[in-house]
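Enquirer: below: sequence and its predicted model.
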Amino acid sequence: MAFLSSINIIGSGITAQHLRLDVISENITNINTTRTQDGEGGAYRRKCVVFQAETGRNTFRDALAAASGQRLVSNARYNRTAGVKVAGIIEDESDFKLKYDPTDPDANEEGYVELPNVDLVKEITDGMAASQAYNADVTAFNLLKNVISAGLEIGR
């Protein structure tokens, strides 16, 4: 049932882009946050989602065992599907923006306040790209659903 793996591939993309939109929303929400949750100094640091491709192909070990006629004990190769997975959420290490405001309680000795390294234009652009990728995944899912429905109609 190859269409099930197609659904898994599309689902992995939808899940990954949904998480990306969540992280972008968090960045925009904290665009003016000048201290961390524990109250220590330091502004909010922008977060980025890192994707990793999942090829769904067998490993070299699997291919070698199959070529030599050996049977692997592990069934991990049957659980392997293609798609995308989130490798992690990292913090952007770029410099904070500085604003001179000696009256701010978060100002340092020189009177500068560290502002988050979040750029609203960049976040909106990333959000638009993630939204379009999400919509493309939904369109692919609907197309696959129509193909499966048409295939089932043939059997009637």
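Expert: Thanks, I have it.

Enquirer: what secondary structure does Asn8 sit in?
Expert: Counting by DSSP: H, G, I helix; E, B strand; the rest coil, the backbone at Asn8 sits in helix.

Enquirer: any stretches of the chain with poor pLDDT?
Expert: 1-3, 39-41, 56-67, 70-80 (pLDDT under 70).

Enquirer: show me where it has helices.
Expert: Remark: helices assigned in the chain by DSSP state H are 2-29, 60-67, 76-79, 120-154.

Enquirer: okay if I get the ones you listed as JSON lines plus mean neighbour count?
Expert: Backbone N, C-alpha and C define where each C-beta goes, glycine included. Converted to JSON lines, these look like this (neighbours: other C-beta atoms under 10 Å):
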{"stretch": "helix 2-29", "mean neighbour count": "17"}
{"stretch": "helix 60-67", "mean neighbour count": "12"}
{"stretch": "helix 76-79", "mean neighbour count": "10"}
{"stretch": "helix 120-154", "mean neighbour count": "13"}
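
Enquirer: how about Leu91: what's its closest non-neighbour residue?
Expert: No, residue 91 isn't Leu; it's Glu. Arg45 (4.5 Å; C-beta to C-beta, 6 or more residues apart in numbering).

Enquirer: what about the one you found, how many residues nearby?
Expert: For Arg45, the number of neighbouring residues by other C-beta atoms under 10 Å comes to 18.

Enquirer: residues contacting Asn117?
Expert: Contacts for Asn117 (C-beta atoms under 8 Å, 6 or more residues apart in numbering) come out as Ala43, Arg45, Arg46, Asp92, Ser94, Asp95, Phe96, Lys97.

Enquirer: what about stretch 118-131, distance to the chain center?
Expert: On the basis of C-alpha atoms, centre = their mean, to the nearest Å, stretch 118-131 is displaced by 14 Å from the centre of the chain it belongs to.

Enquirer: cool, stretch 5-15 as well?
Expert: When C-alpha coordinates are averaged (C-alpha atoms, centre = their mean), stretch 5-15 and its chain have centres 13 Å apart.
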